[in-house]
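Colleague: prediction below, plus the sequence it came from.
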Amino acid sequence: MNKVELAYLAGFFDGEGNIGIYYNHGVYHMVIRIVQKNPTILRSLSSVGKIYQRKDGMYLWQVSGQRAAEFLGLLLPSLILKHEQAEKAIEFQSTKGRPGYRTTEAAKQKQATTYKAFMCAFNSQYTESK
């Protein structure tokens, strides 16, 4: 992608995208998503993530883990609204070990700390006590 396309996607993601870190079955996961009624722009991202049609007719583009962090890294210079959130998500992903390798207790603690910081910074209902 050239600079203009990346800037366009960054603006689109700023307005329509979602960055989340989720805790499920004892593991933290970073996921980025965009939901649209018209799948046209999502199709241009199909090489990065997957597109699903939901039961309500909306289209969901989603990518997780290291690929999500790499995509956010490409968009980061042009992100405005989600710039800080993207930085924290990339930082979180950097605490993850390589797939297939056991995560150390120190790494798990770093993930938990980064997760809490992410949640507190971007979710007014979340508190450090959770």
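Modeller: Received, thanks.

Colleague: so where's the longest strand in the chain?
Modeller: strand 27-36 (DSSP state E).

Colleague: then the helix or strand that that strand is followed by to PDB, C-alphas only?
Modeller: Moving toward the C-terminus from strand 27-36, the next helix or strand (DSSP states H and E) is helix 40-43. Output of helix 40-43 as PDB, limited to C-alpha atoms (Å, rounded to 0.1, in the frame of the first residue of the first chain):
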ATOM      1  CA  THR A  40     -16.500  -3.100  -0.600                       C
ATOM      2  CA  ILE A  41     -13.800  -1.500   1.500                       C
ATOM      3  CA  LEU A  42     -13.400  -4.500   3.700                       C
ATOM      4  CA  ARG A  43     -12.600  -6.600   0.700                       C
END
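
Colleague: mean confidence score for helix 40-43?
Modeller: Average pLDDT, helix 40-43: 93.

Colleague: how far is that helix from where the chain is centred?
Modeller: What separates the centre of helix 40-43 from the centre of its chain is 18 Å, taken as Cα atoms, centre = their mean, to the nearest Å.
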